[in-house]
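> can't give you the sequence, but here's the structure:
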């Protein structure tokens, strides 16, 4: 794995010779991660519930759910990226810690804790907005096919982020990530959870977006494998950090 420093996708380009502005306080960054993950899960779960109410066609429901997630995720990344980098995903945070984009393990732990709490809070919020009970999901999703799909979905997501950052195109991470997840709803059999915090949050809603607790650990294991695979591929294809484009 590459150990070179990967700049935070949120960071604006710094003119030559100018001092790098200090990062926001950890509590602010953790708060941004918690809020961003909560709103992301609320978008995913809430749009799934609305889709069920609007249509009985499963294909149309998935289309509505994926479009809302694409737009919602893109906006949330743009909203919080200057504070925390808009990870909203423990797999992304772990990769940033491993490849050098995050210098302290304590910061990564704070991010991941906030993301998990935010994911659960977002599911509770979505349930409340639609008067749905907050309860364990009964939707078993883990099969050999869907677990493989989670490896693929997460590897693609992390590779998109690393590739854009390392080639100086961090400014388009938000729409690229939103577009990738929107597409991965359709080309993966798991509908692309690709995020341990979102997976955990979705286990407490017995609605269109829910996942049974028994399926959570296989999904998270697959997501972590996919993230590690993306790091290996990125190290081979994009071994050096490019200077940001003007």
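Alright, I've got the coordinates. Bear in mind that the values here come from a model prediction, so they are computed numbers and not experimental data.
> Report the contact partners of the residue nearest to the spatial centre of the chain.
Centroid-nearest residue in the chain: residue 89, 4.2 Å away (criterion: CA atoms, centre = their mean). Residue 89 is in contact with 37, 115, 157, 194-198, counting by CB atoms under 8 Å, 6 or more residues apart in numbering. Every C-beta, even on glycine, is put in place using the N, C-alpha and C of the backbone.
> the longest helix in the protein is where?
Ranked by residue count and defined by DSSP state H, the top helix of the chain is helix 26-54.
> Give me the buried positions along that one.
Residues of helix 26-54 classed as buried: 29-52 (neighbour count, 16 or more other CB atoms under 10 Å).
> And for stretch 224-236?
Neighbour counts over stretch 224-236 (16+ other CB under 10 Å) mark 224-231, 233-235 as buried.
> nearest to residue 187, of those residues?
Ranked by distance to residue 187 (CB to CB), these are led by residue 226 at 14.3 Å.
> Wait, the closest one touches residue 151, no?
Yes: the pair residue 226 and residue 151 passes the contact test of CB atoms under 8 Å, sitting 4.2 Å apart.
> rewinding a little: what about the longest helix of the chain, average pLDDT?
The pLDDT scores in helix 26-54 average 97.
> for the helix or strand following that helix, packing partners?
Next along the chain after helix 26-54, taking DSSP states H and E as the criterion, comes helix 58-84. Packing contacts for helix 58-84, counted by 3 or more CB pairs under 8 Å, 6 or more residues apart in numbering; DSSP states H and E, involve helix 26-54, helix 173-187.
> Tabulate these in a markdown table, adding columns for distance to residue 141.
Below are those laid out as a markdown table (distance: least, CB to CB, whole Å):
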| stretch | distance to residue 141 |
| --- | --- |
| helix 26-54 | 13 |
| helix 173-187 | 14 |
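> which stretch among the ones you listed comes nearest residue 132?
Residue 132 sits nearest to helix 26-54 of all those, at 6.2 Å, using CB to CB.
> The closest one packs against which elements?
With contacts defined as 3+ CB pairs under 8 Å, 6+ apart, the packing partners of helix 26-54 are helix 58-84, helix 105-129, helix 196-201.
> Just send the ones you listed back as JSON lines, with mean neighbour count too.
As requested, these are exported to JSON lines (neighbours: other CB atoms under 10 Å):
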{"stretch": "helix 58-84", "mean neighbour count": "18"}
{"stretch": "helix 105-129", "mean neighbour count": "21"}
{"stretch": "helix 196-201", "mean neighbour count": "28"}
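> Nearest to residue 188 among the ones you listed would be which one?
Residue 188 lies closest to helix 58-84 among those, at 11.2 Å (CB to CB).
> quick check: angle from the closest one to helix 105-129?
Here the directions of helix 58-84 and helix 105-129 differ by 140 degrees (axes from the mean of the first three to the mean of the last three CA atoms, to 10 degrees).
> roughly how far out does helix 58-84 sit from the chain middle?
Between the centre of helix 58-84 and the centre of its chain there are 10 Å (CA atoms, centre = their mean, to the nearest Å).
> With stretch 209-228 instead?
Using CA atoms, centre = their mean, the offset of stretch 209-228 from its chain centre is 13 Å.
> who's in contact with it?
By CB under 8 Å, 6+ apart, stretch 209-228 touches 44-45, 48-49, 65, 91-92, 94-95, 136-142, 146-148, 150-158, 190, 193-196, 199-200, 202-203.
> for it, which positions count as buried?
Neighbour-count burial for stretch 209-228 flags 209-212, 215-216, 218-220, 222-228 (criterion: 16+ other CB under 10 Å).
> State the pLDDT value of residue 244.
Residue 244 is assigned a predicted lDDT (pLDDT) of 45.
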